[in-house]
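Trainee: I would like to see how this sequence folds:
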Amino acid sequence: MRFGWGAAGAASIGSDAHLVVWVDVLPTSDVHAAAAAVPDGPEVVLAGIGNAAAVADRALVLQAAREDRCIVAIVAAGIDDTPVGGPALDASLEGAGEPAGDTSTVPDFAVEDLLVAGAVVDALADGGIDFSSPEAAAAGAAFTGLRGALRHLVAASVSAELLDSAGRHDAVEAALTAGASLPVLRPARAQPPRAGCAEREPAARDHPEAVAREQR
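Mentor: The predicted structure follows:
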């Protein structure tokens, strides 16, 4: 398990992952644009308050299919991390103090994303995927130490205040009552071949007729 923040984190820890978990509990930008920040290849799923166990189940399925260790990259979105340079999902957030065109690669800290990322780390460890980076271990410890106050901390977070002041308290309520379903932001897809790694054209001596002549 690995853990990082925002588009820069996704690029850093997701390149050779088999599953990327995008954590954006109280999104202030379009979560579907998040997949653009993740290198080609791994499946990208969206984690929330209620689906950490579903994330772990998905990782275990991938691990069983590979018959080898599954590398999971957990990426916390932070506050209005917009990796493709687009505007915030709701222009009203600009009036609430959220910049509409934030193109920074490192998002502002979001406690709700840290804690839910930690919940994913904890669920993965319970499922037997427990080899984690120090960053992932720290996120997991944050969750286990504060799990009893999770919903209270999410409701009192800076992101929740931004959404409330923009008249979007329903988004906060939806996050607090999120179920166990696991949204897929992008299915797994093959990476393009690297430069210089094109398939070799068969040499003339490799042709079946040439081999037959040599054997005469």
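Trainee: shouldn't A10 be in contact with G4?
Mentor: Yes: applying CB atoms under 8 Å as the test, A10 and G4 come out as touching, 6.7 Å apart. Quick note: C-beta positions are derived from backbone N, CA and C, even for glycine.
Trainee: out of the two, which sits in the busier spot?
Mentor: Taking other CB atoms under 10 Å, A10 and G4 do not tie; A10 has more neighbours (29 against 20).
Trainee: follow-up on the earlier one: what residues are shared contacts of A10 and G4?
Mentor: Here A10 and G4 have 73, 75 as joint contacts, going by CB atoms under 8 Å, 6 or more residues apart in numbering.
Trainee: please identify the buried residues of stretch 35-54?
Mentor: 35-39, 41-54 (16 or more other CB atoms under 10 Å).
Trainee: please apply the same query to stretch 118-126.
Mentor: So stretch 118-126, judged by 16+ other CB under 10 Å, has buried residues 118-125.
Trainee: please export the C-alpha coordinates of that stretch as CSV.
Mentor: Provided in CSV are the C-alpha atoms of stretch 118-126 (Å, rounded to 0.1, in the frame of the first residue of the first chain):
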residue,chain,number,x,y,z
GLY,A,118,-6.8,5.5,6.6
ALA,A,119,-10.0,3.5,6.7
VAL,A,120,-9.0,2.0,3.4
VAL,A,121,-5.5,1.1,4.8
ASP,A,122,-7.1,-0.5,7.8
ALA,A,123,-9.6,-2.5,5.7
LEU,A,124,-6.8,-3.7,3.4
ALA,A,125,-4.7,-4.8,6.4
ASP,A,126,-7.7,-6.7,7.8
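Trainee: got a list of contacts for that stretch?
Mentor: Contacts of stretch 118-126 (CB under 8 Å, 6+ apart): 1, 3, 21, 23, 47, 49, 52-53, 55-56, 59, 72, 74, 130, 132, 136-137, 139-144, 147, 150.
Trainee: can you tell me the helix or strand for A117?
Mentor: Per DSSP states H and E: A117 is located in helix 111-126.
Trainee: where does the protein have low pLDDT?
Mentor: Within the chain, the ranges that satisfy pLDDT under 70 run 81-105, 190-216.
Trainee: rewinding a little: and the angle for the helix or strand that the helix holding A117 is followed by with helix 111-126?
Mentor: With elements assigned by DSSP H and E, the helix or strand that comes after helix 111-126 is helix 134-146. Helix 134-146 runs at 100 degrees relative to helix 111-126, counting by axes from the mean of the first three to the mean of the last three CA atoms, to 10 degrees.
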